[in-house]
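Colleague: sequence-free structure coming up:
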């Protein structure tokens, strides 16, 4: 208003950007009907599809606008989408796979792959259909099975186990409810693998973990990996919670041999596996996802 002066102190406000719903799927925080995955990309069924088999393809790295992606990353996303589209067409009766990029629904770049027999199947003004959970699982499995070169999904194995290995009850108790905090939060999941004795070369380790062949593998000492979570004044700001991470670290070091953290992959989303040998030879520990940009 004329003649009116505003006085007061200016304060700085920190804007905290929350991860997109798709990033929460990538980290494992939210479930999805996954059909394919590699080190940089993920494909899963749309839960509000236009038709059965409607899939979404995303980069694991969170980018709001698809055309803000670097040229090489944009090209790689479309190459991955091509593989997924061929699998969808092989698994779902249709004439073609329609492709659409809208970019307004979720602030995370994604490509729609839509089985179509007529042009109107691609009309986003159409009412979304409801597909029962059992059918969604069936469709996801059928598409994953048609992925040329394999789906890359570690989830194709029983959760928390490989080749019949049982997850120790005490390990499950130790990791229950814990999350790893990087640039987003991801749960710790207890895992166990029936692995051959001795050292595992990277190729054998990746196969055991269900990770893509040739993925980058780095090793980190467990204490170093958990240092921000075990410190009383660390990222948790909760002494009781940091004590839980200290207890987990102590349990693994006392009950397992050769405990090591394996960082698998590169880019903004990295899978991390903290593993050691139990007395029965089982390779056990926990896995989580790191977000680093």
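Modeller: Structure received. Everything numeric in this text was worked out from a predicted model, so none of it was measured.
Colleague: strands along the stretch 101-250 of the chain, start to end?
Modeller: Using DSSP state E, counting those that start in this stretch, the strands assigned to the stretch 101-250 of the chain run over residues 111-116, 179-181, 185-187, 189-193, 217-220.
Colleague: so which elements touch the fourth one?
Modeller: Put plainly, it is strand 189-193. helix 169-175, strand 269-277, strand 283-291 (3 or more C-beta pairs under 8 Å, 6 or more residues apart in numbering; DSSP states H and E). In short, each C-beta sits where N, CA and C put it, glycine included.
Colleague: do the second one as well
Modeller: Under the contact criterion of 3+ C-beta pairs under 8 Å, 6+ apart, the helices and strands touching strand 179-181 comprise strand 185-187, helix 227-230, strand 283-291.
Colleague: how many neighbours does the closest residue to residue 54 other than its chain neighbours have?
Modeller: The shortest distance from residue 54 to any non-neighbouring residue, by C-beta to C-beta, 6 or more residues apart in numbering, is to residue 46 (4.5 Å). Each residue near residue 46 was counted by other C-beta atoms under 10 Å, and the total is 21.
Colleague: so how far is residue 166 from residue 46?
Modeller: Note on residue 46: its distance to residue 166, by C-beta to C-beta, to the nearest Å, is 35 Å.
Colleague: that older thread, mind putting the helices and strands packed on strand 189-193 in CSV, mean pLDDT and distance to residue 106 included?
Modeller: Output for the helices and strands packed on strand 189-193, formatted as CSV (pLDDT from 0 to 100; distance: least, C-beta to C-beta, whole Å):
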stretch, mean pLDDT, distance to residue 106
helix 169-175, 89, 30
strand 269-277, 91, 17
strand 283-291, 90, 17
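Colleague: dump those to JSON lines, plus mean neighbour count.
Modeller: What follows is these, written out as JSON lines (neighbours: other C-beta atoms under 10 Å):
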{"stretch": "helix 169-175", "mean neighbour count": "16"}
{"stretch": "strand 269-277", "mean neighbour count": "21"}
{"stretch": "strand 283-291", "mean neighbour count": "24"}
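Colleague: list the buried residues of the helix-or-strand element of the chain with minimal mean pLDDT.
Modeller: Lowest on mean pLDDT, DSSP states H and E among the helices and strands of the chain sits strand 185-187, with a mean of 82. The neighbour-count check on strand 185-187 (16 or more other C-beta atoms under 10 Å) flags 186-187 as buried.
Colleague: now it, how far from the centre of its chain.
Modeller: The chain centroid and the centroid of strand 185-187 are separated by 10 Å under C-alpha atoms, centre = their mean, to the nearest Å.
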